[in-house]
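**Q** What shape does this take:
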Amino acid sequence: MPVPISEIVQILVAALICWIIFILVDLIFALPRKGGVSGATAIGTNIELAGGNLHGGLMMGNIVCSPDASAGTLLAACGVYIAGLPGGLFATVLVYVGNRICHDKGYAGTTGAFFATILITAITSWTVLGPELFIAGMVLAITTIQGISHVHASRLLGKLWGWRS
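**A** All right, here's what the predicted structure looks like:
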(Lines give C-alpha, C1' and ligand atoms only; values in the text may rest on other atoms or scores of the structure.)
Protein backbone atom coordinates (compact mmCIF):
# COMPACT_ATOMS: atom_id res chain seq x y z
CA MET A 1 0.00 0.00 0.00
CA PRO A 2 1.54 3.34 -1.02
CA VAL A 3 2.24 6.00 1.60
CA PRO A 4 -0.17 8.94 1.30
CA ILE A 5 1.34 12.27 0.24
CA SER A 6 0.10 13.89 3.45
CA GLU A 7 2.20 11.48 5.53
CA ILE A 8 5.28 12.23 3.43
CA VAL A 9 4.73 15.95 4.00
CA GLN A 10 4.31 15.32 7.74
CA ILE A 11 7.61 13.40 7.82
CA LEU A 12 9.34 16.27 6.00
CA VAL A 13 7.91 18.79 8.48
CA ALA A 14 9.09 16.60 11.38
CA ALA A 15 12.52 16.29 9.72
CA LEU A 16 12.78 20.07 9.45
CA ILE A 17 11.85 20.52 13.11
CA CYS A 18 14.37 17.86 14.18
CA TRP A 19 17.08 19.33 11.94
CA ILE A 20 16.56 22.78 13.46
CA ILE A 21 16.63 21.37 17.02
CA PHE A 22 19.85 19.45 16.63
CA ILE A 23 21.71 22.02 14.53
CA LEU A 24 20.80 24.90 16.86
CA VAL A 25 21.77 22.98 19.98
CA ASP A 26 25.08 21.87 18.44
CA LEU A 27 25.83 25.44 17.35
CA ILE A 28 24.91 26.84 20.76
CA PHE A 29 27.29 24.34 22.38
CA ALA A 30 29.97 25.39 19.85
CA LEU A 31 30.67 21.92 18.44
CA PRO A 32 32.26 23.41 15.30
CA ARG A 33 34.88 25.26 17.37
CA LYS A 34 37.10 22.24 18.08
CA GLY A 35 37.09 18.49 18.38
CA GLY A 36 35.69 17.96 21.85
CA VAL A 37 36.07 14.19 22.02
CA SER A 38 38.60 11.65 20.80
CA GLY A 39 38.47 11.23 17.03
CA ALA A 40 36.51 14.40 16.24
CA THR A 41 39.59 16.39 15.20
CA ALA A 42 40.79 13.59 12.92
CA ILE A 43 37.41 13.44 11.19
CA GLY A 44 37.26 17.24 10.81
CA THR A 45 40.78 17.37 9.39
CA ASN A 46 40.05 14.59 6.90
CA ILE A 47 36.88 16.32 5.75
CA GLU A 48 38.83 19.57 5.28
CA LEU A 49 41.50 17.72 3.26
CA ALA A 50 38.72 16.36 1.03
CA GLY A 51 37.61 19.94 0.24
CA GLY A 52 35.14 20.52 3.05
CA ASN A 53 35.00 23.11 5.80
CA LEU A 54 37.11 22.43 8.91
CA HIS A 55 34.55 23.81 11.37
CA GLY A 56 31.72 21.86 9.76
CA GLY A 57 33.95 18.79 9.75
CA LEU A 58 34.73 19.24 13.45
CA MET A 59 31.00 19.40 14.19
CA MET A 60 30.46 16.25 12.14
CA GLY A 61 33.34 14.60 14.01
CA ASN A 62 31.77 15.49 17.33
CA ILE A 63 28.44 14.09 16.09
CA VAL A 64 30.07 10.77 15.13
CA CYS A 65 32.20 10.35 18.26
CA SER A 66 29.78 11.17 21.07
CA PRO A 67 26.04 11.42 21.66
CA ASP A 68 25.20 14.95 20.58
CA ALA A 69 21.94 16.71 19.91
CA SER A 70 21.23 14.58 16.82
CA ALA A 71 21.46 11.35 18.80
CA GLY A 72 19.62 13.00 21.68
CA THR A 73 16.79 14.11 19.41
CA LEU A 74 16.48 10.67 17.83
CA LEU A 75 16.47 8.87 21.18
CA ALA A 76 13.98 11.38 22.60
CA ALA A 77 11.64 10.72 19.67
CA CYS A 78 11.95 6.98 20.31
CA GLY A 79 11.33 7.49 24.03
CA VAL A 80 8.26 9.65 23.43
CA TYR A 81 6.96 7.09 20.92
CA ILE A 82 7.34 4.25 23.42
CA ALA A 83 6.21 5.90 26.66
CA GLY A 84 5.27 9.54 26.10
CA LEU A 85 6.92 12.27 28.17
CA PRO A 86 8.43 9.83 30.74
CA GLY A 87 9.98 7.83 27.89
CA GLY A 88 11.59 10.94 26.45
CA LEU A 89 12.94 11.94 29.84
CA PHE A 90 14.34 8.43 30.32
CA ALA A 91 16.03 8.74 26.91
CA THR A 92 17.53 12.04 28.10
CA VAL A 93 19.07 10.25 31.09
CA LEU A 94 20.49 7.57 28.79
CA VAL A 95 22.07 10.22 26.55
CA TYR A 96 23.58 11.89 29.62
CA VAL A 97 25.11 8.55 30.68
CA GLY A 98 26.38 8.01 27.11
CA ASN A 99 28.07 11.42 27.16
CA ARG A 100 29.81 10.59 30.43
CA ILE A 101 30.96 7.21 29.06
CA CYS A 102 32.49 9.03 26.06
CA HIS A 103 34.16 11.53 28.42
CA ASP A 104 32.29 14.27 26.55
CA LYS A 105 32.72 17.48 28.51
CA GLY A 106 29.64 19.06 26.98
CA TYR A 107 25.94 18.61 27.35
CA ALA A 108 24.70 19.07 23.77
CA GLY A 109 23.24 15.56 23.60
CA THR A 110 21.47 15.82 26.93
CA THR A 111 20.15 19.28 26.10
CA GLY A 112 19.03 18.15 22.64
CA ALA A 113 17.24 15.14 24.10
CA PHE A 114 15.52 17.26 26.74
CA PHE A 115 14.36 19.98 24.30
CA ALA A 116 13.31 17.38 21.75
CA THR A 117 11.30 15.53 24.41
CA ILE A 118 9.44 18.69 25.39
CA LEU A 119 8.88 19.84 21.79
CA ILE A 120 7.88 16.45 20.42
CA THR A 121 5.50 15.87 23.33
CA ALA A 122 3.95 19.31 22.84
CA ILE A 123 3.73 19.04 19.05
CA THR A 124 2.24 15.55 19.13
CA SER A 125 -0.33 16.75 21.68
CA TRP A 126 -1.43 19.73 19.57
CA THR A 127 -1.05 18.52 15.96
CA VAL A 128 -1.52 15.46 13.77
CA LEU A 129 2.22 14.76 13.85
CA GLY A 130 2.91 11.60 15.81
CA PRO A 131 6.21 10.71 17.49
CA GLU A 132 6.85 8.03 14.86
CA LEU A 133 7.06 10.80 12.27
CA PHE A 134 9.79 12.46 14.34
CA ILE A 135 11.76 9.21 14.38
CA ALA A 136 11.62 9.08 10.58
CA GLY A 137 12.26 12.83 10.41
CA MET A 138 15.35 12.61 12.61
CA VAL A 139 16.77 9.80 10.51
CA LEU A 140 16.35 12.05 7.46
CA ALA A 141 17.90 15.00 9.30
CA ILE A 142 20.94 12.95 10.33
CA THR A 143 21.25 11.59 6.80
CA THR A 144 21.41 15.09 5.33
CA ILE A 145 24.33 15.95 7.60
CA GLN A 146 26.22 12.65 7.79
CA GLY A 147 25.13 10.50 4.88
CA ILE A 148 24.88 12.39 1.63
CA SER A 149 28.07 14.44 1.20
CA HIS A 150 30.57 15.20 3.94
CA VAL A 151 32.12 17.98 1.89
CA HIS A 152 28.87 19.80 1.15
CA ALA A 153 27.36 19.21 4.58
CA SER A 154 30.54 20.52 6.25
CA ARG A 155 30.39 23.65 4.11
CA LEU A 156 26.77 24.27 5.14
CA LEU A 157 27.63 23.70 8.80
CA GLY A 158 30.66 25.98 8.41
CA LYS A 159 28.42 28.76 7.06
CA LEU A 160 26.00 28.33 9.95
CA TRP A 161 28.95 28.41 12.37
CA GLY A 162 30.18 31.61 10.68
CA TRP A 163 26.83 33.28 11.33
CA ARG A 164 26.96 32.19 14.98
CA SER A 165 30.50 33.36 15.65
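**Q** Contacts only, for the residue nearest to Leu140 when sequence neighbours are not counted.
**A** Spatial nearest neighbour of Leu140, excluding adjacent residues (Cβ to Cβ, 6 or more residues apart in numbering): Ala15 at 4.1 Å. Glycine gets a C-beta too; all of them are placed from N, C-alpha and C. By Cβ atoms under 8 Å, 6 or more residues apart in numbering, Ala15 lies in contact with Ala136, Gly137, Met138, Leu140, Ala141.
**Q** so what's the last one scoring on pLDDT?
**A** Put plainly, it is Ala141. On pLDDT, Ala141 comes in at 91.
**Q** Likewise for the first one?
**A** The per-residue pLDDT reported for Ala136 equals 95.
**Q** and it, what helix or strand is that in?
**A** Counting by DSSP states H and E, the element that carries Ala136 is helix 131-142.
**Q** Which parts of the lowest-mean-pLDDT helix or strand in the chain count as buried, going by neighbours?
**A** Taking mean pLDDT, DSSP states H and E as the measure, the helix or strand of the chain with the lowest value is helix 54-65, at a mean of 88. Using 16 or more other Cβ atoms under 10 Å as the test for burial, helix 54-65 gives Leu54, His55, Gly56, Gly57, Leu58, Met59, Met60, Gly61, Asn62, Ile63, Cys65.
**Q** and the host helix or strand of Ala15, what's its mean pLDDT?
**A** Ala15 belongs to helix 5-28 when assigned by DSSP H and E. For helix 5-28, mean pLDDT is 91.
**Q** longest helix anywhere in this structure?
**A** For the chain, the helix with the greatest residue count under DSSP state H is helix 69-101.
**Q** same for the very next helix or strand once past that helix, what does it pack against?
**A** Remark: after helix 69-101, the chain's next helix or strand is helix 108-126, criterion DSSP H and E. Applying 3 or more Cβ pairs under 8 Å, 6 or more residues apart in numbering; DSSP states H and E, we find helix 108-126 packed against helix 5-28, helix 69-101, helix 131-142.
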